[in-house]
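In: here is a sequence with its predicted model. Questions after.
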Amino acid sequence: VGMASAGENMNASQFYITTSDEIVSLDGKHTVFGEIAEGLDVLERLNEAFCDEDGRPLQNMRIKHTVVLDDPFDDPPGLDAHVPDASPVFVRDPNDTHLEDDWVPDEDARPAHEVEESMRAQEAKSRAVVLEMIGDLPEADVAPPDTHLFVCKLNPVTTDEDLEIIFSRFGKITDCSVIRDKKSGDSLQYAFIGYETREECEAAYFKMDNVLIDDRRIHVDF
């Protein structure tokens, strides 16, 4: 533990704590006045804190209380006159945009189903961004046509023709494709089905979800 002085004979109230065994670049430049004996877990949490571009933690960390266990030096004459009766009252800087040390996230007052929907939307957005980055999506905000259905949990033996025959009862099918592995040609057990109108697509969605096809209960979604 050493004084973080601004220059020679300019020690004030700032100090630093090093986490390395040897830092020769600091030798002879700062006043070392202590060594960490215990509580290394606290030091690790300080070291792992998220900081801004100036190196300041985004959430303030404050020393609230100290106890002097052993002071081997005599106090200089007149020191008692400068020791206050109590610690000063903390006044937060109105221009300080950092979180205070006792800050905790507010409890979400929304209903559980709304929280779950919000989390799912955030996860979907994150996945879309990743797909855009690797080139699988033209853009993260792209949306599928409202005349197409996504069908999954298919039996590997189910074919395009099977699905087209079954789903054509709701309207004219414009396209129907079971997605297959490029190398093996095996079904990946999901498909996309397109209709001419949105109404036909919605009718198929409401009627076909959880229907049994080739001994498998399929799932249908937009």
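Out: The structure has been received and is ready for your questions.

In: could you check the lowest-mean-pLDDT helix or strand in the chain and say which residues are buried?
Out: Taking mean pLDDT, DSSP states H and E as the measure, the helices and strands of the chain show their lowest mean at helix 112-133, namely a mean of 80. Of the residues in helix 112-133, residue 128 count as buried by neighbour count, 16 or more other C-beta atoms under 10 Å. All C-beta spots, glycine's among them, are computed from the backbone N, C-alpha and C.

In: for the chain, which segments are assigned as helices?
Out: Listed in chain order, the helices of the chain (DSSP state H) span residues 40-47, 112-133, 160-167, 198-208.

In: to residue 20, which of the ones you listed lies closest?
Out: Across the helices of the chain, the minimum distance to residue 20, taken as C-beta to C-beta, is reached by helix 40-47, at 10.8 Å.

In: tell me the mean pLDDT for the closest one?
Out: The predicted model assigns helix 40-47 a mean pLDDT of 87.

In: and it, how far out from the chain middle?
Out: What separates the centre of helix 40-47 from the centre of its chain is 22 Å, taken as C-alpha atoms, centre = their mean, to the nearest Å.

In: got the contact list for it?
Out: 17, 19, 36, 61 (C-beta atoms under 8 Å, 6 or more residues apart in numbering).

In: quick check: chain neighbours aside, which residue is closest to the last one?
Out: Using C-beta to C-beta, 6 or more residues apart in numbering and skipping residues adjacent in sequence, the residue nearest residue 61 is residue 101, 5.7 Å away.

In: ok, the one you found to residue 39 distance?
Out: 17 Å (C-beta to C-beta, to the nearest Å).

In: more neighbours: which of the two?
Out: Between residue 101 and residue 39, counted using other C-beta atoms under 10 Å, the more crowded position is residue 101 (12 against 8).

In: what's the distance between the residue lying farthest from the centre of the chain and residue 12?
Out: Here the chain reaches farthest from its C-alpha mean at residue 77, the gap being 54.9 Å by C-alpha atoms, centre = their mean. Applying C-beta to C-beta, the value for residue 77 to residue 12 is 22 Å.
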